[in-house]
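In: Need the 3D shape of this:
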Amino acid sequence: MALFSKERSYRDARVLLTGGCSGLGLELTKLFAADGARVLVGDVHEQAPEGVLPQGVEYRQLDIRSDEQWEEARNWMEANWGGIDVLVNNAGIAAGGRLDVEGMDNWKRIVDINLLGAVRGIRTFVPLMKAQHSGQIINTASLAGLVHAPAMASYNAVKAGIVAISETARWELAPYKITVSAICPSFFRTNLHHSLEGKDVEMQETAVNLITKAPRGAAQVAAAAYKKVKQGKFIVITDPDGQIAYFGKRYSPLVYKALMLQAGRRVGSGKTPVPPIIDKLQSLGAKR
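Out: Next up is the predicted model:
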């Protein structure tokens with residue numbers, strides 16, 4: 001449910017979007033730019049890949065692990081546009097693996113990027129939004145932040161953390177007319193699998209297949225998410241199978257538990273845990 005239900009216009013809005021040179025971030029960048037927003041994309045490249053960003057979109061190198069580069073982005077926004085209206089914490093990496101296999105280095109890496117990267121962005125720009133008594137924060141979470149399948153502990157943890165931070169910020173910042181959304185897509189086709197690294201090679205191969213063979217592309221997910229964040233929705237589930245999984249967990253807990261136990265057994269035998277859960281929850285949803 002939205003705190004402020006009127007659909008907003010992004011014409012002339014000042015937007016900073018991280019991870020905007022590819023995947024979901026690029027598709028969101030295109031949508032903001034098409035609506036007439038002023039968009040600054042931050043990404044890890046020294047220069048934006050040639051010909052990728054829409055005409056008129058600005059670019060700065062922004063490694064979301066760097067406090068200094070966040071400060072530089074804020075200074076640029078203040079000097080050039082006088083502030084910020086929309087912060088999109090989208091940049092992130094993929095990770096996963098079984099609890100006793102995935103290494104601690106990979107845990108630290110994904111926490112620093114996916115979780116603390118968003119925290120740094122919020123801490124950097126919330127003072128500006130508070131001062132102007134307006135703003136919007138959009139955090140890219142995942143269905144994994146709501147539905148916690150086996151063999152994805154680190155990814156589940158950081159995305160659940162993004163949902164938790166988003167909800168905290170939602171209530172904390174509401175008095176300043178700052179709205180918050182958490183985008184929670186299921187698997188979709190993107191280049192996110194290129195960021196996979198770690199010790200659990202078997203489960204990473206499964207993740208690659210789930211991403212590269214997903215039924216939706218980044219443009220479809222971005223369009224669904226964009227429509228809902230314009231309406232100020234908080235939890236933004238972008239696809240039907242994600243809605244079925246999420247509501248199946250909430251309203252059919254015994255069935256959900258049985259399916260997760262089955263998924264755990266599948267992981268133990270080296271098989272993918274996810275598609276059977278979605279398929280069976282879809283069947284359940286069709287009977288409701």
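
In: in this structure, which spans are strands?
Out: Under the criterion DSSP state E, strands of the chain are mapped to 14-18, 38-43, 58-61, 86-89, 135-140, 178-183, 235-236.

In: nearest to Val221, of the ones you listed?
Out: strand 178-183 (8.2 Å; CB to CB). Heads up, the C-betas are built off the backbone N, CA and C, glycines and all.

In: Export the strands of the chain to a markdown table and append columns for mean pLDDT.
Out: Shown next, in a markdown table, are the strands of the chain (pLDDT from 0 to 100):
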| stretch | mean pLDDT |
| --- | --- |
| strand 14-18 | 98 |
| strand 38-43 | 98 |
| strand 58-61 | 98 |
| strand 86-89 | 98 |
| strand 135-140 | 98 |
| strand 178-183 | 98 |
| strand 235-236 | 97 |
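
In: so can I have CSV of those strands showing mean neighbour count and distance to Ile110?
Out: Formatted as CSV, the strands of the chain follow (neighbours: other CB atoms under 10 Å; distance: least, CB to CB, whole Å):
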stretch, mean neighbour count, distance to Ile110
strand 14-18, 26, 15
strand 38-43, 25, 18
strand 58-61, 16, 21
strand 86-89, 27, 15
strand 135-140, 25, 14
strand 178-183, 26, 17
strand 235-236, 20, 22
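
In: Tyr256: which of these is closest?
Out: Ranking the strands of the chain by their distance to Tyr256 (criterion: CB to CB) puts strand 235-236 first, at 17.6 Å.

In: Partner strands of the closest one, with direction?
Out: strand 178-183 (parallel) (DSSP bridges).

In: what about dumping the CA coordinates of the partner strand to PDB?
Out: Coordinates of each C-alpha in strand 178-183 appear next as PDB, following Å, rounded to 0.1, in the frame of the first residue of the first chain:
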ATOM      1  CA  ILE A 178      10.000  10.900   1.600                       C
ATOM      2  CA  THR A 179       8.600   7.700   0.100                       C
ATOM      3  CA  VAL A 180      10.300   4.400  -0.100                       C
ATOM      4  CA  SER A 181       9.900   1.400  -2.500                       C
ATOM      5  CA  ALA A 182      11.600  -2.000  -2.500                       C
ATOM      6  CA  ILE A 183      11.600  -3.700  -5.900                       C
END
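
In: how about Gly42, what does it touch?
Out: With contact set as CB atoms under 8 Å, 6 or more residues apart in numbering, Gly42 has these partners: 16-20, 59-62, 64, 69, 73, 91.

In: OK, contacts around the closest residue to it other than its chain neighbours?
Out: Excluding the flanking residues, the one nearest Gly42 by CB to CB, 6 or more residues apart in numbering is Leu62, at 2.8 Å. Contacts of Leu62 were listed using CB under 8 Å, 6+ apart, and they are Thr18, Gly42, Asp43, Val44, Gln69, Trp70, Glu72, Ala73, Ala91.

In: Now the two most distant members of those.
Out: Largest pairwise distance in the contacts of Leu62, by CB to CB, is 15.5 Å, between Glu72 and Ala91.

In: Looking at these two, which is more packed in?
Out: Remark: of Glu72 and Ala91, Ala91 carries more neighbours, 25 against 15, as counted by other CB atoms under 10 Å.

In: That one touches Arg65, doesn't it?
Out: No. In this structure, Ala91 is not within contact of Arg65 by CB atoms under 8 Å, at 9.8 Å.

In: so what's Asp279 scoring on pLDDT?
Out: We have a pLDDT of 53 for Asp279.

In: Send over stretch 55-71 as CSV, restricted to the C-alpha atoms.
Out: Only the C-alpha atoms of stretch 55-71 are listed here, as CSV (Å, rounded to 0.1, in the frame of the first residue of the first chain):
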residue,chain,number,x,y,z
GLN,A,55,21.0,10.8,-24.8
GLY,A,56,21.2,13.5,-22.1
VAL,A,57,21.9,11.1,-19.2
GLU,A,58,24.9,12.1,-17.1
TYR,A,59,27.4,9.6,-15.8
ARG,A,60,29.9,9.5,-13.0
GLN,A,61,32.0,6.6,-11.7
LEU,A,62,30.5,5.4,-8.5
ASP,A,63,31.7,2.3,-6.7
ILE,A,64,29.0,1.9,-4.0
ARG,A,65,31.6,0.6,-1.6
SER,A,66,33.4,4.0,-1.6
ASP,A,67,32.2,6.6,0.9
GLU,A,68,34.4,9.1,-1.0
GLN,A,69,32.7,8.4,-4.4
TRP,A,70,29.2,8.7,-2.7
GLU,A,71,30.3,12.1,-1.4
